[in-house]
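Enquirer: all I have is the shape, not the residue letters:
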């Protein structure tokens, strides 16, 4: 993304967020939802389209439907620049305004918020990011991580490798490299990959990237050229991703063997490599493009009416649609909470119940204009992720396409690790509160 476009989108987004708060609304007739954002800094290339998709879906629900069952959602962004210290300030601000939900938008911010949320009774929605162990709902009743964890993603990557090679037995003796941001987010998949490497006999090579070196990966790629891994998995974010694509091309690494986590699947990530980026791959759990009723409704009710800062040709890009998916989860949880409690204006504790009752079926996806956009996701009291399906998206030179069938994660490998990690977290935390929240069927 060009710097001028990023700045313009960031400025307009801030104005829209401020305008939402300035609109006449009170606790009696609206539901307040706070979201961390990073429209500035080295991660803004990813943060802007996600924030745009989130904001536009909420705006569409308010414009088209008058809100959720007649109650409008007041949406506010708090700019963090992807800084954990700033995210804590944003959490406290959201808490003071009685948000029904906290949306951290970084693994570091999620880790900082988890102990607070359990005391403050504010649900955290860390959609496909954050602490993988928090999928264990008995230990983390206030944290939700649908539709997949990073551990699920790592297992899907290994399954993809096996598919490419002709079976899991062909993994023995192969080499997988993990390029990862040297931060909690980047390190998340390591335990699962280490476990699967032992089971299937492949070698795991780690290539950490310091935040300050995201756009200076030259020495890292010298190591990759030396090690000659068969596949590379990129647990990257922001400016790190287009740099990795360009470096793979510059170092003659087969672009089809470089696979990003779902956060490395931005359109601008792939565009950075030019024509030679054709064939670059990324895990994905939502579809890209405008050919879905939900996206058409956003265009009709929000973009075409001048109520969005998103350029029309950016609507439907992969990370924009990811933001749409995130806000869909929020709206569906609000709807659930209203049904469960019988209240139209819900609070944070009600919202937790709504999130725990999420059941996004094929039929429901079709009803809300997302048929083919994603796969079903079911949350339960013990499972706060759903461990849903993902697919491998492939860049065709101009857009993302579906490069594989939908694949389930290796649940039998992932779930025991999640349970063991959750137990370890609770033990190390000391006086961690035992779950006392009821379970709504």
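Expert: Here it is on my side, so go on. Fair warning: this is a prediction, and the values are worked out from it, not measured in the lab.
Enquirer: how about residue 259, nearest residue that isn't a chain neighbour?
Expert: For residue 259, ignoring the flanking residues on the chain, the nearest one in space by C-beta to C-beta, 6 or more residues apart in numbering is residue 281 at 4.5 Å. From N, CA and C alone the C-beta is placed, and that goes for glycine too.
Enquirer: the one you found touches residue 262, doesn't it?
Expert: No: contact criterion C-beta atoms under 8 Å: residue 281 and residue 262 do not qualify, at 11.2 Å.
Enquirer: neighbour count: those two, which is higher?
Expert: Taking other C-beta atoms under 10 Å, residue 281 and residue 262 do not tie; residue 281 has more neighbours (25 against 22).
Enquirer: partner residues bridging the more buried one?
Expert: Residues in a beta bridge with residue 281, per DSSP bridges, are residue 259, residue 394.
Enquirer: distance check, it against residue 331.
Expert: 31 Å (C-beta to C-beta, to the nearest Å).
Enquirer: likewise for residue 367?
Expert: Using C-beta to C-beta, we find residue 367 at a distance of 12 Å from residue 331.
Enquirer: those two: which has the busier surroundings?
Expert: Neighbour count, other C-beta under 10 Å: between residue 367 and residue 331, residue 331 has more, with 21 against 11.
Enquirer: which other helices and strands contact the host helix or strand of that one?
Expert: Taking DSSP states H and E as the criterion, residue 331 maps to helix 318-341. In terms of contact count using 3 or more C-beta pairs under 8 Å, 6 or more residues apart in numbering; DSSP states H and E, helix 318-341 is assigned the packing partners helix 44-65, strand 72-79, strand 124-125, helix 293-298, helix 348-356.
Enquirer: now those in a markdown table, with mean neighbour count?
Expert: Listed next are the helices and strands packed on helix 318-341 as a markdown table, based on neighbours: other C-beta atoms under 10 Å:
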| stretch | mean neighbour count |
| --- | --- |
| helix 44-65 | 25 |
| strand 72-79 | 21 |
| strand 124-125 | 26 |
| helix 293-298 | 20 |
| helix 348-356 | 23 |
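Enquirer: using a markdown table, lay out the ones you listed together with distance to residue 419.
Expert: Listed next are the helices and strands packed on helix 318-341 as a markdown table, based on distance: least, C-beta to C-beta, whole Å:
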| stretch | distance to residue 419 |
| --- | --- |
| helix 44-65 | 30 |
| strand 72-79 | 33 |
| strand 124-125 | 19 |
| helix 293-298 | 35 |
| helix 348-356 | 18 |
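Enquirer: in the protein, which spans are strands?
Expert: Secondary structure of the chain (DSSP state E): strands at 30-37, 72-79, 102-103, 124-125, 143-144, 175-181, 203-209, 231-235, 258-260, 281-284, 359-360, 377-378, 391-395, 400-402.
Enquirer: which one of those strands lies nearest to residue 87?
Expert: With C-beta to C-beta as the measure, strand 30-37 is the member of those nearest residue 87 (5.6 Å).
Enquirer: ok and the closest one relative to helix 318-341, angle-wise?
Expert: Angle, strand 30-37 to helix 318-341, by axes from the mean of the first three to the mean of the last three C-alpha atoms, to 10 degrees: 150 degrees.
Enquirer: mind listing what strand 30-37 pairs with, with the direction of each?
Expert: When sheet partners are counted by DSSP bridges, strand 30-37 sits next to strand 72-79 (parallel), strand 102-103 (parallel).
Enquirer: which stretches of the chain have low pLDDT?
Expert: Scanning the chain for pLDDT under 70 picks out 1-28, 441.
Enquirer: a markdown table for the strands of the chain, including distance to residue 60?
Expert: Compiled in a markdown table, the strands of the chain are given as follows (distance: least, C-beta to C-beta, whole Å):
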| stretch | distance to residue 60 |
| --- | --- |
| strand 30-37 | 14 |
| strand 72-79 | 11 |
| strand 102-103 | 18 |
| strand 124-125 | 19 |
| strand 143-144 | 23 |
| strand 175-181 | 32 |
| strand 203-209 | 37 |
| strand 231-235 | 32 |
| strand 258-260 | 28 |
| strand 281-284 | 22 |
| strand 359-360 | 18 |
| strand 377-378 | 21 |
| strand 391-395 | 24 |
| strand 400-402 | 22 |
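Enquirer: distance to residue 324 added to the strands paired with strand 30-37, as a markdown table?
Expert: Shown next, in a markdown table, are the strands paired with strand 30-37 (distance: least, C-beta to C-beta, whole Å):
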| stretch | distance to residue 324 |
| --- | --- |
| strand 72-79 | 13 |
| strand 102-103 | 14 |
